[in-house]
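1. Sharing a model prediction with you, sequence too.
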Amino acid sequence: MMMRYSQIEIKKKVLSAQKSWADYIIKIGEYKSDNKKIIELANQLIEDLYAFKTTKVLFKPTKASVIPFRSTKDEFISYFIASNDVCAEDKGFALEPWKSIEFENYSITNSEESIIAVGNYFFENSNSQQIKVEYTFGYIIDETGKLKINLHHSSIPFK
């Protein structure tokens, strides 16, 4: 059962988790030519921000169609850095590299068991092109009070 937090505390936790996620993705891209470092960073991202130690984690990556749903650490690593040949369609989303990632939350809601944030995030690449992606992130709070992602769904907006 999740400890009781005010809506302001929940929002602060979500914003902090989103910043951490964006920072990891940007940092991975900065080390694109150092395979050892990107593997290390991708593993840190998974360990630090995703809830694999406590629950099943569900992932629907933006740029995945052959294997559109993922639930294992190896499938996450494949999507983010394409270093392990788990999903042939993966090109390494975090290797872009991205200059900035900004979250625009539409809404954050919480219950006794989980927190859900939905909205858009905007990725700016090295050519200053901005890509808008819709997201839903589900979080649980671990025993230390830190948010961990247990649901990550991203998609390109419908046209």
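-> Cool, the structure landed.

2. avg pLDDT for stretch 105-112?
-> When pLDDT is averaged along stretch 105-112, the result is 93.

3. And it, how far out from the chain middle?
-> Between the centre of stretch 105-112 and the centre of its chain there are 17 Å (C-alpha atoms, centre = their mean, to the nearest Å).

4. in that stretch, what counts as buried?
-> Buried residues in stretch 105-112, defined by neighbour count with 16 or more other C-beta atoms under 10 Å: 105, 108, 110. In short, each C-beta sits where N, CA and C put it, glycine included.

5. same check, this time on stretch 140-157
-> For stretch 140-157, by 16+ other C-beta under 10 Å, it's 140-141, 147-154.

6. how about JSON lines for those residues, with distance to Thr72, secondary structure and pLDDT added?
-> Listed next are the buried residues of stretch 140-157 as JSON lines, based on distance: C-beta to C-beta, whole Å; DSSP: H, G, I helix; E, B strand; the rest coil; pLDDT from 0 to 100:
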{"residue": "Ile140", "distance to Thr72": "18", "secondary structure": "strand", "pLDDT": "96"}
{"residue": "Ile141", "distance to Thr72": "23", "secondary structure": "strand", "pLDDT": "94"}
{"residue": "Leu147", "distance to Thr72": "21", "secondary structure": "strand", "pLDDT": "96"}
{"residue": "Lys148", "distance to Thr72": "16", "secondary structure": "strand", "pLDDT": "97"}
{"residue": "Ile149", "distance to Thr72": "14", "secondary structure": "strand", "pLDDT": "98"}
{"residue": "Asn150", "distance to Thr72": "14", "secondary structure": "strand", "pLDDT": "98"}
{"residue": "Leu151", "distance to Thr72": "15", "secondary structure": "strand", "pLDDT": "98"}
{"residue": "His152", "distance to Thr72": "13", "secondary structure": "strand", "pLDDT": "98"}
{"residue": "His153", "distance to Thr72": "16", "secondary structure": "strand", "pLDDT": "98"}
{"residue": "Ser154", "distance to Thr72": "18", "secondary structure": "strand", "pLDDT": "97"}
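
7. Before I go, just wanted to say thanks for your time.
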